[in-house]
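Participant: sequence first, predicted coordinates after that:
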Amino acid sequence: MRLDRLMARAAERLAGSGSPSPRLDAEVLLCHVLERDRTWLYTWGDRDIEAWPRARFEALVALRDSGWPVAYLTGEREFWGLVLATSPATLIPRPDTERLVEAALDRATADSGSLLDLGTGSGAIALAFASERPGWQVLGVDHAPGAVALARSNAERLAISNARFCESDWFAALDGQRFALIVANPPYLAPDDPHLGQGDVRFEPHSALVAAAAGMADLQWLIGAARGYLLPGGWLLLEHGMDQGPEVRAALHEAGYCQVATLDDLGGRERVSLGCVDG
């Protein structure tokens with residue numbers, strides 16, 4: 001069968017199962033199997049595909065049809081222009097989280113400094129920041145050994161030498177350390193949030209998604225604890241749900257942070273709240 005016809009048939013199947021991007025999903029999966037880029041597919045779509053890669057592609061399409069995230073099927077996802085290895089042990093990096101990286105970079109005006117990424121997962125936030133600020137030292141921590149191993153592997157493969165990763169349950173292994181910036185994309189979905197039964201989220205680790213107190217428990221705890229790990233004039237930046245901005249701002253004010261603000265994501269929804277400790 002010709003590549004373009006195989007891809008069109010796969011896209012039609014994925015559209016029927018509710019994928020929000022069926023054509024793109026089919027293209028990415030076929031590129032993964034053939035180890036080619038999408039430009040090559042457009043150029044050589046009239047070529048026939050051999051039996052083994054066709055079988056492998058159709059198996060991946062079947063998994064995607066059942067809901068499996070493309071990032072887990074290919075084992076990678078692009079974030080901030082970096083191609084990161086992914087695994088079901090960590091969340092899939094999402095474009096909206098790039099707003100958190102932008103906000104951190106905007107406050108990293110010195111030539112050198114230190115940033116802590118809490119719950120680093122695949123290392124996406126830490127590595128994106130480190131790639132833009134080579135004079136800064138970046139530490140990513142996660143309680144899951146598999147996540148730490150994945151983040152370290154991503155740093156090594158991308159040759160980003162100013163980021164390191166270690167196991168820590170939030171601040172537990174960081175006694176005495178202070179940072180100019182602390183960033184986190186913590187669990188913030190309520191246990192009964194309907195999104196947990198939809199799309200890629202169904203396959204991601206719930207421990208990285210769900211928090212008590214209607215999704216606010218980890219956010220509130222981090223706001224209180226982070227002050228003891230920030231340098232004077234340091235910033236705490238938190239990603240949160242689109243309806244949680246008012247509560248997060250209130251918690252930051254109550255904890256004594258100044259210059260409290262909330263930033264919108266790519267879709268114009270409140271997504272990142274931040275505050276500074278007195279200098």
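Facilitator: Sure, I can see it.

Participant: now the helices for this protein?
Facilitator: Here the chain has its helices, by DSSP state H, at 3-16, 22-34, 38-43, 51-65, 70-74, 98-107, 124-132, 145-158, 217-226, 245-254.

Participant: please work out which of the ones you listed is packed deepest.
Facilitator: helix 124-132 (a mean of 25; mean count of other Cβ atoms under 10 Å). (C-beta placed from N, C-alpha, C; glycine too.)

Participant: re the thing from before, now render the helices of the chain as a markdown table, adding distance to Asp193 and mean pLDDT.
Facilitator: Below are the helices of the chain laid out as a markdown table (distance: least, Cβ to Cβ, whole Å; pLDDT from 0 to 100):
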| stretch | distance to Asp193 | mean pLDDT |
| --- | --- | --- |
| helix 3-16 | 25 | 95 |
| helix 22-34 | 24 | 95 |
| helix 38-43 | 34 | 90 |
| helix 51-65 | 23 | 96 |
| helix 70-74 | 21 | 96 |
| helix 98-107 | 20 | 98 |
| helix 124-132 | 22 | 98 |
| helix 145-158 | 22 | 97 |
| helix 217-226 | 13 | 98 |
| helix 245-254 | 15 | 98 |
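
Participant: now these as a markdown table including distance to Leu236?
Facilitator: Formatted as a markdown table, those follow (distance: least, Cβ to Cβ, whole Å):
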| stretch | distance to Leu236 |
| --- | --- |
| helix 3-16 | 40 |
| helix 22-34 | 35 |
| helix 38-43 | 39 |
| helix 51-65 | 38 |
| helix 70-74 | 28 |
| helix 98-107 | 10 |
| helix 124-132 | 14 |
| helix 145-158 | 21 |
| helix 217-226 | 5 |
| helix 245-254 | 8 |
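
Participant: of those, which approaches Gly267 most closely?
Facilitator: Gly267 sits nearest to helix 98-107 of all the helices of the chain, at 10.1 Å, using Cβ to Cβ.

Participant: that closest one - contacts with which helices or strands?
Facilitator: helix 124-132, strand 179-184, strand 230-239, strand 258-264, strand 270-276 (3 or more Cβ pairs under 8 Å, 6 or more residues apart in numbering; DSSP states H and E).

Participant: any idea which residue sits dead centre in the chain?
Facilitator: Pro93 (2.6 Å; Cα atoms, centre = their mean).

Participant: ok, now how distant is that one from Gly75?
Facilitator: Pro93 sits 13 Å away from Gly75, going by Cβ to Cβ, to the nearest Å.

Participant: same deal with Ser19?
Facilitator: Taken as Cβ to Cβ, the span from Ser19 to Gly75 is 19 Å.

Participant: more crowded one of the two?
Facilitator: Ser19 (19 against 11; other Cβ atoms under 10 Å).

Participant: quick check: that one touching Leu29?
Facilitator: No. Contact criterion Cβ atoms under 8 Å: Ser19 and Leu29 do not qualify, at 11.0 Å.

Participant: what touches both of the two?
Facilitator: Common neighbours of Ser19 and Leu29 (criterion: Cβ atoms under 8 Å, 6 or more residues apart in numbering): Arg64.

Participant: so what's the residue nearest to the centre of the chain up against?
Facilitator: Ala71, Arg77, Phe79, Leu84, Thr86, Gly121, Ser122, Ala124.

Participant: repeat for Arg202
Facilitator: Gly67, Leu196.

Participant: now the one 4 residues further on
Facilitator: In this structure, His206 makes contact with Leu196, judged by Cβ under 8 Å, 6+ apart.

Participant: gap between it and Glu35?
Facilitator: In terms of Cβ to Cβ, His206 sits 33 Å off from Glu35.

Participant: follow-up on the earlier one: tell me which of the helices of the chain lies nearest to Glu239.
Facilitator: The nearest among these, by Cβ to Cβ, is helix 98-107 at 5.0 Å.
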